[in-house]
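1. sequence-free structure coming up:
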C-alpha cells in the first residue's frame, strides 16, 4: 500500500512543477501537459518533443503501477527517472537563476523521489522505512 501511495504522490508532485521564462511567461506543468495533450490530437508534430513525451510516459508508468497488486520496483524507477529528467532540469534552472518559485515547486518531487528510492532499496533488503 505504501508503494502505491508513494507513486501517486510522485505523480501529483510532478504536476505542480512551475516554469518561468521571459518577462511575463510562466506555466505550471499540469497546464502545460493539458496543452500538449490537446495539441497531440490537433497537431501531433508540434506536441511531440522529448521534454514533453518522456515525462508523460513516466507519469503513465507510475499510473500503471497504481493498478498492480504490488507496485513494480522497476516500473517505479523507470517512471521516476522519466519524470525526474524534466523536474531535475527545472530544479537546476531554478537553482542557477535563484528563482525561488521555480525552485520551491520542484522540491516536493525531488524529496519524495529520494524517499521513494530509499524505500524501495530498504524493502528489497528486508528493512522497513
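-> Sure, I can see it. As the structure is a prediction and not an experimental result, all values here were calculated from the model.

2. list the contacts of the worst-scoring helix or strand of the chain on mean pLDDT.
-> Counting by mean pLDDT, DSSP states H and E, the weakest-scoring helix or strand in the chain turns out to be helix 44-47, with a mean of 75. Helix 44-47 has contacts (C-beta atoms under 8 Å, 6 or more residues apart in numbering) with 36-37, 39-40. Where C-beta positions appear, they are placed from N, C-alpha and C, glycine not excepted.

3. tell me which residues of that helix come out buried.
-> In terms of neighbour count (16 or more other C-beta atoms under 10 Å), helix 44-47 has its buried residues at residue 47.

4. host element of residue 96?
-> helix 73-97 (DSSP states H and E).

5. picking up where we left off before, which element follows the least confident helix or strand of the chain toward the C-terminus?
-> helix 50-65.

6. so what secondary structure elements neighbour that following helix?
-> The helices and strands touching helix 50-65, judged by 3 or more C-beta pairs under 8 Å, 6 or more residues apart in numbering; DSSP states H and E, are helix 2-15, helix 29-42, helix 73-97.

7. got the angle for that helix vs helix 2-15?
-> Counting by axes from the mean of the first three to the mean of the last three C-alpha atoms, to 10 degrees, helix 50-65 lies at 150 degrees to helix 2-15.

8. so what's the gap between helix 50-65 and the chain middle?
-> 8 Å (C-alpha atoms, centre = their mean, to the nearest Å).

9. list the buried residues for that helix?
-> 52, 55-56, 58-59, 61-62, 65.

10. with stretch 21-39 instead?
-> Residues 29, 32-33, 36 are the ones in stretch 21-39 that count as buried (16+ other C-beta under 10 Å).

11. if we can go back for a sec, of the buried residues of helix 50-65, just say which sits nearest to residue 3.
-> residue 65 (7.6 Å; C-beta to C-beta).

12. surely that closest one meets residue 73?
-> No. Residue 65 is not in contact with residue 73 according to C-beta atoms under 8 Å; the separation is 9.3 Å.
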